[in-house]
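# Sequence first, predicted coordinates after that:
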Amino acid sequence: MKNEREHFSSRFAVIAAVAGSAVGLGNIWKFPYVLGDNGGSAFILIYVLFVVALGIPLMMSEFVIGRRAQTNSFRAFSKLSPTFRWAFLGIIPSLAAFFILSYYTTIAGWTLEYLYQSITGAYRSHSANEIATNFESFHTSIIDPLLWQFCLLGVTAYIVYAGVKKGIEKYSKIMMPLMVILMIGMCIKALTLEGASEGLKFLFSPDFSKINPQVILEALGQAFFSLSLGMGILITYSSYMSKKEKIHKTVGVVVLADTLLAILAGVMIFPAVFSFNIDPSSGPGLVFVTLPNIFNQMSGGFIFAIIFFLLLTMAALTSTVSILEVNVSLVQEELKWTRKKATIAVTTAIAILGVFCTLSFGVGEKFHIFGLTFFDALDYLTSNWLLPIGGAFAIIFVGFILKKEDVKAELSNDHSFQIKWFGMYYFVVRFIAPLAIVLILLNQVGAFDLLTT
Ligand code: PFF
């Protein structure tokens, strides 16, 4: 069967889809709590620095590969350089995508449960303690978390199956603007709470004493994850991008949106946290325990809770769609399967792995791989190894395997406009970015332990 390659229909569609992928649980669930754990403002500063210095060139490089190759994220490398012996390593981002989706849907499933509970008012009359106990018993149970996870995967698969234009593009174009509006509304509410300024101070007045190597690495990892780098998503999505779009402009808008929305997530959460006198470093439970508690005490909290969890659900969904598409397009093109068959097969495989992730908070808690639960092991493997390696591979490919002229042609739409910044970009791609990634990996194997002890 012949598979015609679909393309996004407009600039807005590309931006909505790519930004939809970038803005996810990473921004609204993870960024605020990692920030809270790492001293607030200082973390934001380093994060933004990494996003600008490394995130932008890396994202542009994935776009160069994807748009030039016009194929899935695995085939792209060998298509662009048929004699390149290491092209098979292009499978790494797909593997990362596969693993990430299986554990990401666990958290996304919890989000659905809390959207449901917010609508039915389930925790409205609960005390802080009861809220904490209920979260504990919910996320360690078997049936409910699995049902919600499957539900989210089902909706994701439905959108992906519908195709690039009729699925991904259509829903991103609705959900992204809606998310921005809801988020701004939530921020206005948070900023009008009594004592909100304490939260803003925590977010925006840098305390450099909090910066240490651990915080720096955490910020780098978070920037990678949040921009959806190294997962094959950007290569896949940019292969659906028209040759007329300017890569650097699209990347600029997406990076700006992703960073602003992450910071806005902080603005929406921390003023409330401080206003109700809660410890800002409450870890992963921030969104599922601390916030419901705050919603209970806030005027209009019932509505704001629904808005918040709806927002979180949409953020998760536009991201899961993008990451499922990576492997669906790969299987569809490589095995010459129909989109339907590819979607069903990939989703089923992810659901099976996902069961282990979800259950690793309860019945599977004792099952360890290298001392980590199944969920943590997949998170560790992807965030600390596969994403940096996948990212390094893509950037080395652009810097050293592709011809410089080709890279320049792709970025300037065949020299139809000037790109004065090309020299700087190319320098970062060839030297700075690989060096940074090698440092991350060296740190992973403990090479710097001697220096810090
Ligand atoms: N940028 C996404 C986020 O911040 O949540 C990263 C991501 C994770 C994308 C998982 C897709 C996904 F399924």
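Arrived safely. Residues are numbered from 1 along each chain as shown.
# Tell me the residues of this protein that contact the ligand?
By the rule C-beta under 6 Å from any ligand atom, the part of the chain lying against the ligand is 21-22, 24-27, 100-101, 104, 225-226, 228, 319-320, 322-323. Every C-beta, even on glycine, is put in place using the N, C-alpha and C of the backbone.
# And the closest residue to Arg430 other than its chain neighbours, how far from Thr111?
Of all residues not flanking Arg430 in the chain, Gly399 sits nearest, at 4.0 Å (C-beta to C-beta, 6 or more residues apart in numbering). Counting by C-beta to C-beta, to the nearest Å, the gap between Gly399 and Thr111 amounts to 38 Å.
# Have a look at the two and say which one is more surrounded.
Between Gly399 and Thr111, counted using other C-beta atoms under 10 Å, the more crowded position is Thr111 (27 against 20).
# pretty sure Ala219 contacts Val51?
No: with contacts counted by C-beta atoms under 8 Å, Ala219 stays clear of Val51, the gap being 9.2 Å.
# residues of the helix or strand harbouring Asn129 that come out buried?
For Asn129, the element it lies in under DSSP states H and E is helix 128-139. Using 16 or more other C-beta atoms under 10 Å as the burial criterion, the residues of helix 128-139 that qualify are 128, 131-132, 134-135, 138-139.
# Would you point out the helix or strand in this protein whose mean pLDDT is lowest?
helix 449-452 (a mean of 59; mean pLDDT, DSSP states H and E).
# which outside residues touch stretch 15-26?
8, 104, 107-108, 111, 168-169, 172-173, 175-177, 179, 222, 225-228, 233-234, 237-238, 250, 253-255, 257-258, 261-262, 312, 315-316, 318-319, 321-323 (C-beta atoms under 8 Å, 6 or more residues apart in numbering).
# Not counting the helix holding Asn129 itself, show me its contacts.
110, 113, 123, 126, 144-145, 285, 288-289, 292-293, 296, 361-362.
# Just the buried residues of stretch 423-442, please?
Per 16+ other C-beta under 10 Å, stretch 423-442 contains these buried residues: 425-426, 428-430, 433-434, 436-437, 439-440.
# Look up how far Ala42 lies from Ile233.
To Ala42, Ile233 is 29 Å away according to C-beta to C-beta.
# Comparing those two, which shows the higher neighbour count?
It is Ile233, of Ile233 and Ala42, that has more neighbours when counted by other C-beta under 10 Å, with 29 against 20.
# what's near enough to touch the more buried one?
Contacts of Ile233 (C-beta under 8 Å, 6+ apart): 21, 73, 97, 322-323, 325-326.
# immediately after the helix ranked longest in the chain, which helix or strand?
As assigned by DSSP state H, the longest helix anywhere in the chain is helix 301-334. Downstream of helix 301-334, the next assigned helix or strand under DSSP H and E is helix 339-359.
# pLDDT on that following helix, on average?
Taken as a whole, helix 339-359 carries a mean pLDDT of 98.
# do the same with stretch 368-383
On average, stretch 368-383 scores 93.
# Equivalent analysis for stretch 88-99, please.
96.
# Ok, stretch 401-413 next?
Stretch 401-413 comes out at a mean pLDDT of 98.
# quick one: contacts of it?
Contacts of stretch 401-413 (C-beta under 8 Å, 6+ apart): 60, 64-65, 67-68, 80-81, 84, 243-244, 246-248, 398, 415, 418-419, 422, 425-426.
# thinking again about what came up before, so which of the buried residues of stretch 423-442 belong to helices?
Using DSSP H, the subset of those located in helices is 425-426, 433-434, 436-437, 439-440.
# Does Ser78 touch Leu89 like I think?
No: counting by C-beta under 8 Å, Ser78 stays clear of Leu89, with 10.3 Å between them.
# do you know how far the residue nearest in space to the middle of the chain is from Val331?
Among the residues of the chain, the one closest to the centroid is Ser226, at 4.1 Å (C-alpha atoms, centre = their mean). From Ser226 across to Val331, the span is 27 Å (C-beta to C-beta).
# Spatially nearest residue to Ala162, not counting backbone neighbours?
Using C-beta to C-beta, 6+ apart, the closest residue to Ala162 is Lys170 (7.4 Å).
# tell me the least confident of the contacts of helix 128-139?
Pick the lowest pLDDT in the contacts of helix 128-139 and you get Gly285, at 80.
# check contacts around that one.
132, 135.
# same check, this time on Leu311
Taking C-beta under 8 Å, 6+ apart, one finds 28, 179, 182-183, 186 in contact with Leu311.
# ok, it to Thr106 distance?
Distance, Leu311 to Thr106, by C-beta to C-beta: 19 Å.
# cool, and Leu234?
To Thr106, Leu234 is 24 Å away according to C-beta to C-beta.
# the strands in the chain, which residues?
Taking DSSP state E as the test, the strands found in the chain are 368-369, 372-373.
# okay if I get the ones you listed as TSV plus mean neighbour count?
Below are these laid out as TSV (neighbours: other C-beta atoms under 10 Å):
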stretch	mean neighbour count
strand 368-369	13
strand 372-373	16
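# Lys210 is nearest to which of these?
Lys210 lies closest to strand 372-373 among the strands of the chain, at 26.6 Å (C-beta to C-beta).
# Name every strand pairing with the closest one and say which way it goes.
Sheet pairing of strand 372-373 (DSSP bridges) gives strand 368-369 (antiparallel).
# Which residues does the strand it pairs with contact?
Under C-beta under 8 Å, 6+ apart, the answer for strand 368-369 is Ala377.
# need the contact list for the residue nearest to Ser118 when sequence neighbours are not counted.
Leaving aside its chain neighbours, Ser118 sits nearest to Ala305 (4.0 Å; criterion: C-beta to C-beta, 6+ apart). Counting by C-beta under 8 Å, 6+ apart, Ala305 touches 118, 291-292, 295.
# so of those, which ones are in helices?
Mapping these onto helices (DSSP H) picks out 118, 291-292, 295.
# And the furthest pair within those?
Comparing the members of those, the greatest separation, given C-beta to C-beta, is between Ser118 and Leu291, at 9.9 Å.
# who's more crowded, the two?
Leu291 (28 against 24).
# Assess the claim that the residue nearest to the centre of the chain and Pro32 are in contact.
No: Ser226 lies out of contact with Pro32 (C-beta under 8 Å); the separation is 12.0 Å.
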